[in-house]
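> Provide a 3D model corresponding to the input given below.
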Amino acid sequence: MPKTKKEEKTARKKTKKPAVKRTVKRPTPVAKLKLEKYYEAEGRRKTAVARTRLFTSKANTQKDNLDSPAGRAFLINEKPLEQYFPISELQQIARSSLEKMKCLDKFRVSVRVHGGGLKAQAEAVRHGTARALVLFNPDFRKRLKATGFLTRDPRMRERKKFGLKRARRAPQWQKR
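Here you go, the predicted structure:
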């Protein structure tokens, strides 16, 4: 029987079972989905902000297939354009930059929009798609600028002042 610590350690090493080689199961390589190329831009109007993506290639998956009636080419907050903007005037405003450049059927558009009202959101979508089209083709800039789609409308709601009901609306005057 070993008496010192060193002798004890050497005795343990001699009696230790040989290490068993374990094979590590590596995950099988999965074919990665081909990422679509897209152009991203941000459009603004009042307090509405729209992050727009224009996808150039069509996906072959069933979910995003544009050829099927279930697939949609223009999605706003993951809803079709007609469902998100029920009024045809707002739909036309949102689509107008693509219609001007005759690119409505060439792209799949995905937009995340928040803030503001429906009209401001539609104009923010138009601004964002116009900016993304310029990224796609810089030659589009001249025509989009001439129609005013690239100009950020700076008009904002005036803030409420203290002592007033709104920005300028004073409380009704009473004689007694």
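
> Quick check: what element follows the least confident helix or strand in the chain by mean pLDDT along the chain?
When the helices and strands of the chain are scored by mean pLDDT, DSSP states H and E, helix 5-15 comes last with a mean of 67. Where DSSP states H and E defines the elements, the next helix or strand beyond helix 5-15 is strand 38-45.

> Over to residue 110. Which of the three states is it?
Following DSSP: H, G, I helix; E, B strand; the rest coil, residue 110 is assigned to strand.

> dump the residue contacts of it.
With contacts defined as CB atoms under 8 Å, 6 or more residues apart in numbering, residue 110 is in contact with 38, 52-53, 55, 75. (C-beta placed from N, C-alpha, C; glycine too.)

> So what sits opposite it in the bridge?
Beta-bridge partners for residue 110, by DSSP bridges, are residue 53, residue 75.

> Now do it against residue 134, distance only.
To residue 134, residue 110 is 18 Å away according to CB to CB, to the nearest Å.

> What of residue 79?
In terms of CB to CB, residue 79 sits 26 Å off from residue 134.

> Can you tell me which of the contacts of residue 110 is nearest residue 103?
residue 55 (12.1 Å; CB to CB).

> circling back: who wins for most neighbours among the contacts of residue 110?
Using other CB atoms under 10 Å as the neighbour criterion, residue 52 leads the contacts of residue 110 with 27 neighbours.

> Quick check: that residue touching residue 44?
No: look at residue 52 against residue 44 with CB atoms under 8 Å: they stay out of range, at 11.2 Å.

> what about residue 154, neighbour count?
When neighbours are counted by other CB under 10 Å, residue 154 comes out with 8.

> can you list the weak-confidence ranges in the protein?
1-3, 9-35, 57-72 (pLDDT under 70).
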